[in-house]
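[1] quick check, what structure comes out for this input:
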Amino acid sequence: MKKLLIIGGLLLATVFAVGQKDVTTFGISVKPLIPNSFVNFTTVEADSTNFSGSWSPKASLNFGMAIRYGFTETFSLETGIYLVRRKYDVQLNDFDENLQGNMDFIFQGYEVPIQGSYFVQLGENLWMNAAGGLSIDMHASDVFSTDDLLSDTTYVDFEQYTARYKWVQLSVIANYGFEWRTRDNGYFYLGASYHQPFSPIARGEGIIKYDDQIRRVFVDLEGSYFTVDFRYFFHEDPERKRKKTKKGTR
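    So this is what the prediction gives:
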């Protein structure tokens, strides 16, 4: 183990660094949201007397603009603004009458992350990073959708109403990945992120109506998710170098 550390240290000391010190750069970010039971981005179920409902997340998307400022070669601060679209399928079942309703909806919001990112150089252009911080999450609006069917001579109405708990709330975020830095063509990043709100983001209500009957079930949507991250940061020269160049040309 010690030999590996020594070799790693010599390698980092001898490779040529394509650094980020004093660089403010803008980028684009695309993050597919992957349903995963490990991070509770999975089906949530509730039931009443012979009536049940399930809210199942589908593959969703988070995308937007990122801003990074490099304080040193290894540490940077990142922020930006992202649009997140969480897709769900809702299924309501009435077991007494053998009735089923299916609906889907998109719960949309915005995120402003603020995180510190630490980089370790693995090669001439390859860097590994770990990052963590907070995200300010803003939820756009409540969501309502319906389904209906004709059972014999009876019309049956299904409804789902997903209401946000708060317009703004905080989440903890963590990130890990690898970045390929070029001298003139920007930075290419591949990694993974975890997003965990401090409290549930919304309350889902499932309703069935027929023959003057109304039956309901309720669930909480946690809002946590796991993503695969694809980012690209545009090439920018260090601010100090730009200032020196301007001063020298006068």
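
[2] which strand or helix spans Leu92?
    Secondary-structure element containing Leu92, defined by DSSP states H and E: strand 75-94.

[3] other SSEs contacting that strand?
    Under the contact criterion of 3 or more C-beta pairs under 8 Å, 6 or more residues apart in numbering; DSSP states H and E, strand 75-94 touches strand 24-34, strand 51-57, strand 60-70, strand 99-121, strand 154-164, strand 202-210, strand 213-221. Quick note: C-beta positions are derived from backbone N, CA and C, even for glycine.

[4] kindly reformat those as CSV containing distance to Gly191 and mean neighbour count.
    Output for these, formatted as CSV (distance: least, C-beta to C-beta, whole Å; neighbours: other C-beta atoms under 10 Å):
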stretch, distance to Gly191, mean neighbour count
strand 24-34, 9, 17
strand 51-57, 21, 20
strand 60-70, 12, 18
strand 99-121, 10, 17
strand 154-164, 29, 19
strand 202-210, 27, 20
strand 213-221, 25, 16
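
[5] just to revisit the earlier point, can you give me the buried ones in the strand holding Leu92?
    Under the neighbour-count criterion of 16 or more other C-beta atoms under 10 Å, strand 75-94 has 76-80, 82, 84, 86-88, 90-94 buried.

[6] that one - what's its average pLDDT?
    Confidence for strand 75-94, expressed as mean pLDDT, is 94.

[7] same deal with stretch 52-66?
    Across stretch 52-66, the average pLDDT comes to 94.
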